[in-house]
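Novice: Any chance you could fold what I've pasted below:
(4 chains)
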Number of protein chains: 2
Amino acid sequence: MTTDDASPGPLGRYMDVLELVAAFPGALTLGDVSSMLALPKTTAHRLLKGLVKAGLAREAVGGRAYDLGERLTRLVHATVDDDWLATLSGPHLRQIIEDWGETCYLTRLAGGRIVVAVSQSPDVRWRGYVQPGIEMPVNAAASAKAIMAYQDDATLAQALAQPLPIVTANTRNDLAWVESELQTVRERGYATCIGEIDEGLAAIAVPVTLPDGMVLHALAMTGPLQRIMNERLPERIDALVATSAVLSKALALGAKIRERGTA
Amino acid sequence: MTTDDASPGPLGRYMDVLELVAAFPGALTLGDVSSMLALPKTTAHRLLKGLVKAGLAREAVGGRAYDLGERLTRLVHATVDDDWLATLSGPHLRQIIEDWGETCYLTRLAGGRIVVAVSQSPDVRWRGYVQPGIEMPVNAAASAKAIMAYQDDATLAQALAQPLPIVTANTRNDLAWVESELQTVRERGYATCIGEIDEGLAAIAVPVTLPDGMVLHALAMTGPLQRIMNERLPERIDALVATSAVLSKALALGAKIRERGTA
DNA sequence: AATGCAATTCCGAATTTCGGAACAAAAATG
DNA sequence: CATTTTTGTTCCGAAATTCGGAATTGCATT
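Specialist: Below is the predicted model of the structure:
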């Protein structure tokens, strides 16, 4: 039994400091950390230096402040967000934004979870921005449904074995419902998320079927419910499907080139 | 003397493990770590769990392996968002939880209404969790009273002009009573909510007085009535007051740094 | 120079980590 | 299905580290 041990653990305070550095990159001094976290200057100093030595933070150019370390970005890069994927799909995503003015993103199956790989938003300040790297719940997100609908039983079972979160009043997490939802996706070719993650926000997604028939990615568009699900929905779906087909070839090629490179 | 101190620092071994996890995401077991780094199983176990607790790693879906945690990617992609309020107050709220084991949250005055800005719960049982963004009724919530007690007449009049909801048998919405309640807050320095929002649930709250004397935030603790209002109430208040003082400085500082940030 | 503020070093007390050994839980095997 | 083997977890005393107050150094500004 996993105890309800809520203790922050040995890294807790390091993480607090790191969060702070991430929140004010390049502008946070030792004194600031000390004040904000109510730590003695000595302690703040030690924690900060520890982070620097670990490569998670580094001293900013001016010298009197800190920002995130090289190692941190490298670690993330190593797995989640393959650069070439972003490079490849970026132009296509941007085209959709150009045409439709909505946030859109590409998700991918990684280790039994669905994570956002590339994301583009029409306006930088729009709060519906989808952060690359975050995980999408299998029972709610359109992009997750679009991928999961085309997995074999083993993969699906594994994904559904984890606890499925309830996020809004519209979220469902009973297996029967999820299965039927996936069946619907298979029948009509696209997935939806209607206020199941954010009240008032909707998303639509189509699978990206690779040339060999596998589905490892989904292409999604999100925005306010009324706007996304209006009478132009069929057009939107068509646009996503068309782009998905292009991406399919591009991704397959990219993977092949990449393999050849590292071999 | 650019101390080329090559000592790995306190985080060194944690980082070694993290690198390994990043190299084989979703496929690295405890035993692997132990073997590869030549660490005793016990030590590998402790390090791994420490990373998990810090959110840098997590157990993979299958359960018998580890991969990178979401917090990592979130840190890297932390745009200059406005969740610096959460970043700043998070550790302090968590400290209260650690000490008292009750849900606590920070509310804020926004457009004449009181809304929940940051919320932390002792564990992930969803009951008792306070959703950020929801509004707190001025005539019932402790956190709302704590803020409203220190507003000028115009702001107060505006807030009391809206319809004041009756939610439980204990809710009062006559203006005279609300005024007297606010007077009480001013006299003793804290506000209460005794079953006025949920039958059997109570909350206590103190204002966060910014260095310039303004009150825009309140710090609150909530839980079962019997537990919150028991003989240790004075201690709880003291804890909230102390944290409130710290938050006051931290919030002011945060605003200042943010200004200087991208300049 | 002189002053004020931020960053750093020093160091004893206190807490934590450390890892061997025992224990529990799964897989693998017969 | 019983047994063995492997893998993950808990316990606990010894050892090492962190902790943070006080004093010191470094760096701007006047």
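
Novice: CA atoms for contacts and neighbours, from now on please.
Specialist: Will do.

Novice: Tell me which residue lies farthest from the centre of chain A.
Specialist: Most distant residue from the mean C-alpha position of chain A: residue A:42, 37.2 Å away (CA atoms, centre = their mean).

Novice: Now tell me what touches the one helix or strand that one maps to from outside.
Specialist: Using DSSP states H and E, the element containing residue A:42 is helix A:41-54. With CA atoms under 8 Å, 6 or more residues apart in numbering or on different chains as the test, helix A:41-54 has contacts from A:13-14, A:17-18, A:30-31, A:33-34, A:57-59, A:69, B:8-12, B:15.

Novice: Out of those, which sit inside strands?
Specialist: In strands, defined here by DSSP state E, the members of those are A:57, A:58, A:59.

Novice: Give me the local confidence score for the second one.
Specialist: Residue A:58 is assigned a predicted lDDT (pLDDT) of 84.

Novice: Chain B versus the residue of the stretch 101-250 of chain A found nearest DNA strand C, what's the distance?
Specialist: In the stretch 101-250 of chain A, the residue found nearest to DNA strand C is residue A:158; the distance is 12.9 Å by CA to the nearest atom of the strand. Residue A:158 sits 7 Å away from chain B, going by CA to the nearest CA, to the nearest Å.

Novice: Now do the buried residues in the helix holding residue A:42.
Specialist: A:44, A:45, A:47, A:48, A:49, A:50, A:51, A:52, A:53, A:54 (16 or more other CA atoms under 10 Å in any protein chain shown).

Novice: export those residues to CSV and tack on pLDDT and distance to residue B:76?
Specialist: Formatted as CSV, those follow (pLDDT from 0 to 100; distance: CA to CA, whole Å):
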residue, pLDDT, distance to residue B:76
A:44, 91, 21
A:45, 92, 22
A:47, 92, 19
A:48, 91, 17
A:49, 90, 19
A:50, 90, 18
A:51, 91, 15
A:52, 89, 15
A:53, 89, 18
A:54, 90, 16
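
Novice: now, which of the residues you listed sits nearest DNA strand C?
Specialist: Comparing those against DNA strand C with CA to the nearest atom of the strand places residue A:45 closest, at 5.7 Å.

Novice: Tell me the spacing between that closest one and chain B.
Specialist: On the measure of CA to the nearest CA, residue A:45 and chain B end up 13 Å apart.

Novice: Residue A:120 too?
Specialist: Here the criterion is CA to the nearest CA. By it, residue A:120 lies 13 Å from chain B.

Novice: isn't that residue right next to residue A:107, touching?
Specialist: No. Using CA atoms under 8 Å, residue A:120 is not in contact with residue A:107, being 11.9 Å away.

Novice: These two: who's more crowded?
Specialist: More crowded of residue A:120 and residue A:107, by other CA atoms under 10 Å in any protein chain shown: residue A:107, with 28 against 23.

Novice: Give me the phi and psi for the residue nearest to that one when sequence neighbours are not counted.
Specialist: Once flanking residues are discounted, residue A:107 sits nearest to residue A:116: 4.2 Å by CA to CA, 6 or more residues apart in numbering or on different chains. Phi and psi for residue A:116, reported as degrees, to the nearest 10, are phi -80, psi 130.

Novice: got the contact list for residue A:116?
Specialist: A:105, A:106, A:107, A:108, A:130, A:131, A:132, A:133, A:134, A:135, A:136.

Novice: Same list, these, but as a markdown table with pLDDT please.
Specialist: Converted to a markdown table, the contacts of residue A:116 look like this (pLDDT from 0 to 100):
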| residue | pLDDT |
| --- | --- |
| A:105 | 93 |
| A:106 | 94 |
| A:107 | 94 |
| A:108 | 90 |
| A:130 | 80 |
| A:131 | 78 |
| A:132 | 79 |
| A:133 | 78 |
| A:134 | 82 |
| A:135 | 86 |
| A:136 | 91 |
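
Novice: Report the rounded mean pLDDT for the top helix by length along chain A.
Specialist: What stands out as the longest helix in chain A, according to DSSP state H, is helix A:233-262. If you average the pLDDT over helix A:233-262, you get 84.

Novice: got the residue ranges for the strands in chain A?
Specialist: A:57-59, A:66-68, A:103-110, A:113-120, A:135-136, A:191-194, A:201-209, A:215-224.

Novice: out of those, which comes closest to DNA strand D?
Specialist: Using CA to the nearest atom of the strand, the nearest of the strands of chain A to DNA strand D is strand A:57-59, at 13.5 Å.

Novice: Direction included, what does that closest one pair up with?
Specialist: strand A:66-68 (antiparallel) (DSSP bridges).

Novice: Which strands or helices does the lowest-mean-pLDDT helix or strand in chain A pack on?
Specialist: In chain A, no helix or strand scores lower on mean pLDDT, DSSP states H and E than helix A:70-79, which sits at a mean of 75. Here helix A:70-79 touches strand A:57-59, helix B:12-23, helix B:70-76, going by 3 or more CA pairs under 8 Å, 6 or more residues apart in numbering or on different chains; DSSP states H and E.

Novice: residues in contact with that helix?
Specialist: Contact with helix A:70-79 is made by A:55, A:56, A:57, A:58, A:83, B:19, B:22, B:23, B:25, B:72, B:73, B:76, as judged by CA under 8 Å, 6+ apart.

Novice: Quick one: name the residues of chain A near DNA strand C.
Specialist: Taking CA under 7 Å from any atom of the strand as the contact definition, chain A meets DNA strand C at A:9, A:10, A:29, A:30, A:31, A:32, A:41, A:42, A:45, A:64, A:65.

Novice: ok, these vs residue B:202, which is closest?
Specialist: Using CA to CA, residue A:9 is the member of those that lies nearest residue B:202, at 30.0 Å.

Novice: what number of residues lie near the closest residue to residue A:105 other than its chain neighbours?
Specialist: Leaving aside its chain neighbours, residue A:105 sits nearest to residue A:119 (4.2 Å; criterion: CA to CA, 6+ apart). Here the count is done by other CA under 10 Å, and residue A:119 has 23 residues near it.

Novice: my guess is residue A:119 contacts residue A:97, does it?
Specialist: No. Taking contacts as CA under 8 Å, residue A:119 lies outside contact range of residue A:97: 10.8 Å.

Novice: Touching both of these two, which residues are there?
Specialist: Listed as contacting both residue A:119 and residue A:97 by CA under 8 Å, 6+ apart are A:103, A:104.

Novice: Mark out where each domain of chain A begins and ends.
Specialist: Domain ranges of chain A: A:12-75, A:80-262, per automatic domain parsing.

Novice: Tell me the residue of chain A that sits nearest chain B?
Specialist: residue A:36 (4.3 Å; CA to the nearest CA).

Novice: out of everything not next to it in sequence, what's closest to that residue?
Specialist: residue B:250 (4.3 Å).

Novice: Identify the residues contacting the one you found.
Specialist: Contacts of residue B:250 by CA under 8 Å, 6+ apart are A:35, A:36, A:37, B:88.

Novice: Would you quantify the distance from residue A:66 to residue A:218?
Specialist: Between residue A:66 and residue A:218 the computed distance is 37 Å (CA to CA, to the nearest Å).
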